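Novice: Sequence and predicted structure, then a few things I'm wondering about:
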Amino acid sequence: MARMNGTAAAETPNGLPEKAARVAYRLAWGFARVFSVLLLLGAWEWLAASGTFTPFQLPALSKVLVRIWADITTGDFFINTGLTLYRALAGFLIAAVGGVIIGMAMSRLRIARWFFDPIISVGFPMPKIAFLPVIILWLGVYDVSKISMIVFDAIFPVVAATVIAIQGVERELLWSARNMGAKEREVLWQVVLPAALPQIMTGLQVALPLSLIVAVVTEMLMGGYGLGGAMMTASRFANSVGVFAGIVEIAVVGYVMVKGMAILRRRLLIWHPEAHEPSTA
Amino acid sequence: MNALIRYSPLLILAVAWEASSRLGLVSPLALPPLSDVVTAWIDMIKDGELVTNGLTSMYRAFAGLSLAIVIGGVLGIAMAWFKPVNVLLSPIVEIFYPLPKSALIPVTVIWLGFGDGSKILLIFLGCMLPVTIGAFNGARSSERHLVWSARSMGASRLRMLWDVVVPSAMPELLNGIRTALALSFILLVSSELIVARKGFGYLIGSLGANGTYDAMYAVVFTVAFLGFAADRIYLLITKRALAWRA
């Protein structure tokens, strides 16, 4: 973006039109970015109003927005979002810390590697969600079982990414650190972990959306409050405005979470060459 | 022999499972012995329950995933190759990509009911974006030199798309499809657990509700194994398909 502005500016000879061109470019680009979204929303409202679909199949966007506003003013939105976020983030954090620890243990201790390697390589591609009824059987339908399910799903990408990341740390870095007299602990904290961080972050960026997916599914299946639970309740009462409002709310939460993670990544890896490349996340 | 040593932890876990259940360390209700689960599995294969429900589930996953691969792949390459398509679609992709796809389960049910249609639609919608993004990133990063030399040798735009851009998009596209494959199992099972009258997820739910936990465990492990096997087979195929790159 910035580079494109720079070249456009260099071609215009004097100061004022250059600025105007830049503003016009910004505006056009900004408009292009929201244009198709507005088009989509407009098409939704128009299709619903045209009567092609029944209001049950496709409630009007305006009705859905009214419902979301009602959710916000009554505070339901905050309770449900808070609960879903709490479960997803609690599970994600446990999976992140546990996954990095297991991954580090696997790359340092032979016995940990022997024990976890087949479990990870078999468990990673499995659809863990199939174990949900087993988890319900063991732990019930409340937060403990929901969070356990999220940890169970989200930990595999973190472990796999950590192992690969630590394997990929350049030998020269380790050698020079040891050569300069660093202790093993210092090598771990000051060399291995920072060098492995980009790949570990990639694993975390896979785990985070997964946590939210699983949080919503567990809420749908076990009921109770939370965005998924509220959607399921609306669905049982054939309240399709509620269902669509739920999708919009979950979409917003998901978008904010994924964007937040991308920003965090850029912050944490500001020293890394990748920080200067545009990312699609 | 090597494989035996490598996978010995799994064997140890299996033995620990059998022992803890037989010795009464855990209630056999919560964890039926492994041998009972195996017997239940054989029984369900014999009376065909597992096979019919399994075929239904596989059909749904296959149909949804195929649609997602074809449409998602075409969209991704089109976005990389035609600027207007990119301007139009990339904001929409950006908004829908982080949406937890499980949120679409109730909507697909509202649109298409309890049967195959809603599951196929859900898997299609959920799996399409990883494929699209893989194809887009792959096609966008196709080497400029290859494109230029193809152009200078007089290839038409369409020819270039087919002979240069699509092959060089392949590795990332195949990676996206792998993500989609894993996602299709997750979406399949969760949607069938929530609303279905057939399929693996339905079977797990109804067996659990009946309290026949040994059979429920058998189905759970069947699904988990199928997911694992699908991923391994896919990896083998893609290794073959990408052999020309090495």
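Specialist: Received, thanks. Everything numeric here is computed off the predicted structure, so don't read it as measured data.
Novice: Flag the shaky bits of chain A, pLDDT-wise.
Specialist: A:1-16, A:273-281 (pLDDT under 70).
Novice: Which helix runs longest in it?
Specialist: What stands out as the longest helix in chain A, according to DSSP state H, is helix A:15-50.
Novice: between whatever helix or strand comes next after that one and helix A:15-50, how many degrees?
Specialist: Per DSSP states H and E, the first helix or strand lying C-terminal to helix A:15-50 is helix A:61-74. Relative orientation of helix A:61-74 and helix A:15-50, computed by axes from the mean of the first three to the mean of the last three C-alpha atoms, to 10 degrees: 100 degrees.
Novice: How about helix A:61-74, which residues are buried there?
Specialist: By neighbour count with 16 or more other C-beta atoms under 10 Å in any protein chain shown, helix A:61-74 contains the buried residues A:61, A:63-65, A:67-68, A:71. Where C-beta positions appear, they are placed from N, C-alpha and C, glycine not excepted.
Novice: any bit of whichever helix or strand comes after it sitting next to chain B?
Specialist: Sequence-wise, the next helix or strand downstream of helix A:61-74 (DSSP H and E) is helix A:76-108. No. Helix A:76-108 lies out of reach of chain B by C-beta under 8 Å from any C-beta of the partner chain, never closer than 8.9 Å.
Novice: between helix A:76-108 and helix A:61-74, what angle do the directions make?
Specialist: Using the same axes, to 10 degrees: helix A:76-108 against helix A:61-74 is 80 degrees.
Novice: Toward the C-terminus from helix A:76-108, list the very next helix or strand.
Specialist: According to DSSP H and E, the helix or strand after helix A:76-108 is helix A:110-123.
Novice: got a list of contacts for that following helix?
Specialist: A:102, A:105-107, A:156, A:159-160, A:163, B:6-10, B:13, B:228 (C-beta atoms under 8 Å, 6 or more residues apart in numbering or on different chains).
Novice: Give me the below-cutoff pLDDT ranges for chain B.
Specialist: B:143, B:245-246.
Novice: Do a quick rundown of the helices in it.
Specialist: With DSSP H as the criterion, chain B has helices spanning B:2-6, B:8-22, B:34-46, B:49-81, B:83-96, B:105-112, B:116-140, B:144-152, B:157-160, B:166-194, B:200-210, B:213-241.
Novice: tell me the contacts of the one residue sitting closest to the centre of chain B?
Specialist: The centroid of chain B falls nearest to B:Leu181 when counting by C-alpha atoms, centre = their mean (2.4 Å). Residues near B:Leu181 by C-beta under 8 Å, 6+ apart: B:65, B:127, B:230-231, B:234.
Novice: for these, which one is nearest B:Thr39?
Specialist: Distances from B:Thr39 to the contacts of B:Leu181, taken as C-beta to C-beta, are shortest for B:Ala230 (25.8 Å).
Novice: Spatially nearest residue to the closest one (excluding sequence neighbours)?
Specialist: B:Leu181 (6.1 Å; C-beta to C-beta, 6 or more residues apart in numbering or on different chains).
Novice: distance between the longest helix of chain A and the chain's centre?
Specialist: 26 Å (C-alpha atoms, centre = their mean, to the nearest Å).
Novice: what angle do it and helix B:83-96 make?
Specialist: Here helix A:15-50 points in a direction 70 degrees away from that of helix B:83-96 (the same axes, to 10 degrees).
Novice: Quick check: buried residues in helix A:15-50?
Specialist: For helix A:15-50, the buried set under the neighbour-count rule, 16+ other C-beta under 10 Å, comprises A:18, A:36, A:44-45, A:48.
Novice: Please list which of those are also close to chain B.
Specialist: A:Ser36.
Novice: which one of the buried residues of helix A:15-50 is nearest chain B?
Specialist: Using C-beta to the nearest C-beta, A:Ser36 comes nearest to chain B of the buried residues of helix A:15-50, at 4.7 Å.
Novice: quick revisit: quick one, which of the helices of chain B is nearest to A:Trp189?
Specialist: Nearest to A:Trp189 among the helices of chain B is helix B:8-22; the distance by C-beta to C-beta comes to 29.1 Å.
Novice: elements contacting that closest one?
Specialist: Helix B:8-22 is packed against helix A:110-123, helix B:34-46, with contacts defined by 3 or more C-beta pairs under 8 Å, 6 or more residues apart in numbering or on different chains; DSSP states H and E.
Novice: can you give me the angle the last one makes with helix B:8-22?
Specialist: Direction vectors for helix B:34-46 and helix B:8-22, defined by the same axes, to 10 degrees, enclose an angle of 100 degrees.
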